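Chemist: have a look at this fold, sequence not included:
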Ligand code: UD1
């Protein structure tokens, strides 16, 4: 299995192009099941999860073509994928496929909305907490879907179609909001989604659905209103920039020092994370097609952080920020409120010399003078990239095993970092 070796100590300087957002690309690809016409998605990142979802959609009968590069495009320009769900042959999503990626469970919404039935395995995915699907099923039930669970599968039936309804989420859920919106687009009448997630990826999905003929207002607010239509049509949509990848590289630069332009991205996608980085001592300088992150000279200051739904500090940047705080001049407190059990990186960071104490849903990080390289094992997607950030400043070599976690979410990570001066390489086999 591949591993990544980092020799710490180099500053980062240069330009890092940001890819399309994984967490938008996945629901957008799933939305292709809502229509028999072609959905063309641009700026899709080249990631293992995208490839896996193509296989899952292919199993339902969705055709896809990946178009070649156009003149002037570089290796960083995301791929264009055309998806066509004109002849869906199977409304079952099997365990072997769904278990590998939790988000693939969301196919249940377009399948039952368009075909009146779906049989989808209960999901797997990153081992962070229990991650139930009760709220997704509640949303579907509100829309008139009959839901039963049998031998590890959710069987959803709506022979007479879906009916608009009010869906009030007791807690903010990205997956629940995606599922509710997708299903409601083809329901008869109006659906009102209260306490909806406001993540930019929800807005991106709704933008695309509107291009496909859906009638949606309020995306990006707590209340989304969907007026159902009889059918949707094809569209062309460009996936928005990945705010988690953006924040991850911003933290890497804050960690090593230097000056890096993050391009093809937007600072307004991660307001709280950039605010926290400024407090920690990094400069954020807006540029035409992104922003620069700079830290020259001064040390890192400790900052307390609490993860929250958007626009709060993202849980998907919590591990990376913790890595950064291991080198701050003082103690910071990081509270995780979205997922239980999302502190698996703590023990691994400790192998590099980090001083972190867990206290319920919080971690107290005491900054240390130096980290030292060591062999470490990646535990999940975001945790594994926190090890990269720590490795960039650790003395000596850090070797990260199980990098398939990284490949699920970070496109061309070694290439992007090494072009800015990091000493990082992938060792195959
Ligand atoms: C998405 C993101 C993930 C991110 C998370 C929170 C994708 C592909 N994944 O995950 O990277 O970390 O948002 O920003 O977009 N919950 C329930 N019942 C449910 C559904 C969720 O209790 O039916 C709970 C979860 O266990 C969790 C919280 O709600 O504690 C938030 O989960 P949710 O927002 O749905 O996360 P995901 O959509 O799975």
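Modeler: Happy to help now that I have it. Only a predicted model underlies this, so the values are computations on that prediction, with no experimental measurement involved.
Chemist: and for the residue nearest to residue 307 when sequence neighbours are not counted, the neighbour number?
Modeler: Residue nearest to residue 307 in three dimensions, not counting chain neighbours: residue 315, with 4.2 Å by CB to CB, 6 or more residues apart in numbering. Every residue, glycine included, has its C-beta placed from N, CA and C. By other CB atoms under 10 Å, the residues close to residue 315 number 18.
Chemist: then residue 90?
Modeler: 11.
Chemist: quick one: the closest residue in space to residue 316 that isn't next to it in sequence from residue 310, how far?
Modeler: Spatial nearest neighbour of residue 316, chain neighbours left out: residue 244 (4.6 Å); criterion: CB to CB, 6+ apart. Residue 244 sits 11 Å away from residue 310, going by CB to CB, to the nearest Å.
Chemist: the more surrounded of these two?
Modeler: Comparing residue 244 with residue 310 by other CB under 10 Å, the one with more neighbours is residue 244, at 24 against 21.
Chemist: Three-state assignment for that one, please.
Modeler: Three-state assignment for residue 244 (DSSP: H, G, I helix; E, B strand; the rest coil): helix.
Chemist: per-residue confidence for it?
Modeler: The per-residue pLDDT reported for residue 244 equals 97.
Chemist: so how far is residue 90 from it?
Modeler: The value you get for residue 244 to residue 90, if CB to CB is used, is 32 Å.
Chemist: so where's the chain shaky on pLDDT?
Modeler: For the chain, applying pLDDT under 70 flags the ranges 68-76, 124-131.
Chemist: let me see the domain layout of it.
Modeler: Following automatic domain parsing, one gets these domains for the chain: 3-19+241-427, 22-238.
Chemist: same list, those, but as CSV with distance to the ligand please.
Modeler: Below are the domains of the chain laid out as CSV (distance: least, CB to the nearest ligand atom, whole Å):
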stretch, distance to the ligand
domain 3-19+241-427, 5
domain 22-238, 3
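Chemist: re the thing from before, mind listing what the residue nearest to residue 316 touches?
Modeler: Residues near residue 244 by CB atoms under 8 Å, 6 or more residues apart in numbering: 21, 22, 23, 314, 316, 317, 382, 409.
Chemist: the closest residue to the first one other than its chain neighbours: how many residues sit nearby?
Modeler: Meaning residue 21. Leaving aside its sequence neighbours, residue 21 sits nearest to residue 242 (CB to CB, 6+ apart; 4.0 Å). Other residues near residue 242 come to 29 when the count uses other CB under 10 Å.
Chemist: the stretch 251-400 of the chain: helices as residue ranges?
Modeler: 271-280, 318-325, 345-351, 381-391 (DSSP state H, counting those that start in this stretch).
Chemist: what does the last one contact?
Modeler: Residues outside helix 381-391 that contact it (CB under 8 Å, 6+ apart) are 4, 6, 8, 126, 244, 248, 251-252, 255, 316-320, 322-324, 326, 344-345, 348-349, 352, 354, 371, 373, 376, 378, 398, 400, 402-403, 405-406, 408-410, 413, 417, 424.
Chemist: from these, which land in strands?
Modeler: In strands, judged by DSSP state E, the following of the contacts of helix 381-391 are found: 4, 6, 376, 398, 400, 424.
Chemist: now those as TSV including neighbour count?
Modeler: Shown next, in TSV, are these (neighbours: other CB atoms under 10 Å):
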residue	neighbour count
4	23
6	27
376	24
398	26
400	25
424	23
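Chemist: nearest to residue 154, of those residues?
Modeler: Nearest to residue 154 among these: residue 400, at 35.5 Å, using CB to CB.
Chemist: beta-bridge partners for that closest one, please?
Modeler: Under DSSP bridges, the beta-bridge partners of residue 400 are residue 4, residue 376.
Chemist: and residue 155, that's in a strand?
Modeler: Yes - counting by three-state DSSP, residue 155 is found in a strand.
Chemist: correct me, but it touches residue 119?
Modeler: Yes - with contact defined as CB atoms under 8 Å, residue 155 reaches residue 119; the gap is 5.1 Å.
Chemist: and for residue 327, the neighbour number?
Modeler: Counted with other CB under 10 Å, residue 327 comes out at 23.
Chemist: in this structure it contacts residue 371, no?
Modeler: Yes - assessed by CB under 8 Å, residue 327 is found in contact with residue 371 at 7.0 Å.
Chemist: need the overlap of contacts for those two.
Modeler: residue 393.
Chemist: now do the buried residues in the one helix or strand residue 108 maps to.
Modeler: Assigned by DSSP states H and E, residue 108 belongs to helix 108-115. For helix 108-115, a neighbour-count test (16 or more other CB atoms under 10 Å) marks 108, 109, 110, 111, 112, 113, 114 as buried.
Chemist: what angle do that helix and strand 153-157 make?
Modeler: On the basis of axes from the mean of the first three to the mean of the last three CA atoms, to 10 degrees, helix 108-115 is oriented at 30 degrees to strand 153-157.
Chemist: identify the residues contacting helix 108-115?
Modeler: 30-31, 33-35, 60, 88, 91, 93, 117-118, 120, 136, 140, 145, 154, 156-158, 162, 178-180, 182-187.
Chemist: can you select the buried ones among the residues you listed for me in PyMOL?
Modeler: Typed into PyMOL, the line below selects the buried ones among these, using 16+ other CB under 10 Å:
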select buried, resi 30+31+33+34+35+60+88+91+93+117+118+120+136+140+145+154+156+158+162+178+179+180+182+183+184+185+186+187
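Chemist: now, the contacts of helix 108-115 that are in strands?
Modeler: Per DSSP E, those map to strands at 93, 117, 118, 120, 154, 156, 157.
Chemist: let me see the contact set for the residue nearest to residue 307.
Modeler: With contacts defined as CB under 8 Å, 6+ apart, residue 315 is in contact with 307, 336, 337, 338, 339, 342.
Chemist: now do the same contact list for the nearest residue to the third one once chain neighbours are set aside.
Modeler: Nearest residue to residue 337 in three dimensions, chain neighbours excluded: residue 307, at 5.4 Å (CB to CB, 6+ apart). For residue 307, the contacting residues are 313, 314, 315, 318, 334, 335, 336, 337, 338, taking CB under 8 Å, 6+ apart as the criterion.
Chemist: one more time with 6 Å, if that's ok
Modeler: Listed by CB atoms under 6 Å, 6 or more residues apart in numbering, the contact partners of residue 307 are 313, 315, 318, 336, 337, 338.
Chemist: likewise for residue 45?
Modeler: Here residue 45 is in contact with 19, 20, 22, 78, 411 (criterion: CB under 6 Å, 6+ apart).
Chemist: what about the first one, how many neighbours?
Modeler: By that I understand residue 19. Neighbours of residue 19 using other CB under 10 Å come to 28.
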